[in-house]
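*Asks:* need coordinates for the below:
(4 chains)
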Amino acid sequence: MQLLLDAISWICLLSGGFFVVAGGIGLLRFPDFFTRLHAASVTDTLGTGLILLGLMLQSGFSQASVKLILILVFLFFSSPTAAHALAKAALHGKLVPFVKR
Amino acid sequence: MYIAGIAAVLVTMALTLARAFMGPTVYDRILAVNSFGTKTVLIIALYGYFTGRPDFLDIALVYALINFIGTIAVLKFFEYGDLGRDRPSQPDDI
Amino acid sequence: MRHHLVLRVIAKLLIPLILLFALYVQFHGDFGPGGGFQAGVIFGSAFILYGLIFGANTARRVATPEVVRVLAACGVLLYAGVGVVAILRGGNYLQYRVLAATATGGEHLGIFLIEFGVGLTVAMIMIGLFYCFTGYRPSDHNNGTHPHDA
Amino acid sequence: MKHAFSLFAVLAGLWILLSGEFQTLLLVLGVISAAGVCWLALRMDAKDGEYPVVNVRLLRLGRYWLWLIKEIVKANINVTREILRPELRLSPSIFRVPADGLSELGQVTYANSITLTPGTVSINIKDRHIEVHALIQPAADDLQRGEMVRRLRRLEPN
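*Replies:* The predicted model follows:
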């Protein structure tokens, strides 16, 4: 049982790491600010979620898991808010999005 | 195995930092720094588990808070050149 | 940022939770990483978030600059006062063990009070610095404060 | 008054979750802290004249979150595929989706859910519409089908 949990936890950590790196690559590769926002949100959602889930599985039902859940909930509230504020500010600052028609 | 996670986050931090230096607009830089902060939260949590001291999670939570507030503050500063204004000139302001 | 619906609603939801987290860090210094300084910074930054989104002048009406100044001084006084009480009870400055009947009880009480003083001062200084940086614009509001008050 | 009580209950619950200790001293400090924060929050509400209305059906909120997580995972996989494609084939677009029938909190939840799903970012809320920037056409189509706003409308009280 412990082995199974460990295995799932490692898978979560590794795939979380994969999504984090993918977000970083996207942040570097994408052509303009608005498309880069999408890349950053890959790291902020699934990458973060999987890594923290992997850590949660390591500690089971304990104080540490509660804190991890709180971190996750806080990030899920704050990161889209920050992204939205950034996008709105960029639009207001006359940054023209690159749009394909 | 925590090492793999830490390595992944560190690589991404380097990529994010490159974006922060390259810009080109100030919004790209703020986005990169905000994203860097999220990764710092992850690395604090991972490092805490790596060294067997889950107490670090409190610090990760604090970092997440400060990162959010810092991003909003920098954004507001670039928008207005001032932190305290509460009545924007146009109704559609940020 | 009054017209920013998302920021306003999210800030309203998050600020009380951040404030409570600050107090948690304040009072759990014995158990985890934390203590007065960090707690003060978190408390202050929650208040700064409020000031950023609802305007510095609204923040000034919630905690007036006078109150902030007085509380900052109270924190330092509490710190110094604990030290002086320790001297009066026959110990050295800030020697906690003489504060209560038992040595450990005295140490707990002393550290608790000292940390509280540090936290209070740090939080109020953070808020005061925010007030200083945001300045004062008579055109925005007139609630009888003076630019040098912050 | 009801608002004050529910805020106090939430804060006390958060204290227990964070602390995990049940010593008398810490519990007393928790009650004092929650009451103090409650007072300060109500004072802030009174000074800026804006009272948060948190009124949702909790059970349905849980179901919404589960659905949202599923959507986030799907969207992440799509966007990651775009990132790792050797030559970029993005089709960014900007459009508006209606957010009528939602309270302020509902609109904010909608905007944040849109942002949380990679591939779509909300960039403005205006006149009960949300402006969205989409990275790829499938993500834009998904959102315009209106599944998310339908589910959010069901969360609104009454």
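
*Asks:* can you give me the helices for chain D?
*Replies:* D:2-19, D:24-48, D:58-84, D:104-116, D:137-144, D:147-155 (DSSP state H).

*Asks:* can you put the ones you listed in TSV and add mean neighbour count and distance to residue C:10?
*Replies:* From N, CA and C alone the C-beta is placed, and that goes for glycine too. As requested, those are exported to TSV (neighbours: other Cβ atoms under 10 Å in any protein chain shown; distance: least, Cβ to Cβ, whole Å):
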stretch	mean neighbour count	distance to residue C:10
helix D:2-19	16	15
helix D:24-48	17	14
helix D:58-84	16	16
helix D:104-116	23	7
helix D:137-144	18	21
helix D:147-155	16	16
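
*Asks:* out of those helices, which comes closest to residue A:80?
*Replies:* helix D:104-116 (3.6 Å; Cβ to Cβ).

*Asks:* which residues touch that closest one?
*Replies:* Helix D:104-116 is contacted from outside by A:41, A:45, A:76-77, A:79-81, A:83-84, C:5-6, C:9-10, D:52-56, D:68, D:72, D:97, D:99, D:102, D:120-122, D:125, D:128, D:130, D:132, D:143, D:148-149, D:152-153, D:155-156, using Cβ atoms under 8 Å, 6 or more residues apart in numbering or on different chains.

*Asks:* how about a cut-off of 6 Å?
*Replies:* Helix D:104-116 is contacted by residues A:45, A:80, A:83-84, C:6, C:9, D:68, D:99, D:120-122, D:125, D:130, D:132, D:152, D:156 when judged by Cβ atoms under 6 Å, 6 or more residues apart in numbering or on different chains.

*Asks:* from those, which has minimum pLDDT?
*Replies:* pLDDT is lowest at residue D:156 among those; the value there is 78.

*Asks:* for that residue, what are its contacts?
*Replies:* Contacts of residue D:156 by Cβ under 6 Å, 6+ apart are residue D:106.

*Asks:* show the buried residues in the contacts of helix D:104-116.
*Replies:* When these are checked for burial by 16 or more other Cβ atoms under 10 Å in any protein chain shown, the buried set is A:45, A:80, A:83-84, C:6, C:9, D:68, D:99, D:120-122, D:125, D:130, D:132, D:152.

*Asks:* which one of the residues you listed is nearest chain B?
*Replies:* The nearest member of those to chain B, counting by Cβ to the nearest Cβ, is residue A:83 at 7.9 Å.

*Asks:* can you confirm the closest one is in a helix?
*Replies:* Yes - according to DSSP: H, G, I helix; E, B strand; the rest coil, the state of residue A:83 is that of a helix.

*Asks:* where do the domain boundaries of chain D fall?
*Replies:* D:2-48, D:58-155 (automatic domain parsing).

*Asks:* can you lay out those domains as JSON lines showing distance to residue C:38?
*Replies:* Shown next, in JSON lines, are those (distance: least, Cβ to Cβ, whole Å):
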{"stretch": "domain D:2-48", "distance to residue C:38": "14"}
{"stretch": "domain D:58-155", "distance to residue C:38": "28"}
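
*Asks:* just give me the residue closest to the centre of chain C.
*Replies:* When Cα atoms, centre = their mean is applied to chain C, the residue found nearest the centroid is residue C:123 (2.7 Å).

*Asks:* the helix or strand where that residue lies near chain D at all?
*Replies:* Using DSSP states H and E, residue C:123 falls within helix C:103-134. No - Helix C:103-134 does not reach chain D (Cβ under 6 Å from any Cβ of the partner chain); its nearest approach is 9.0 Å.
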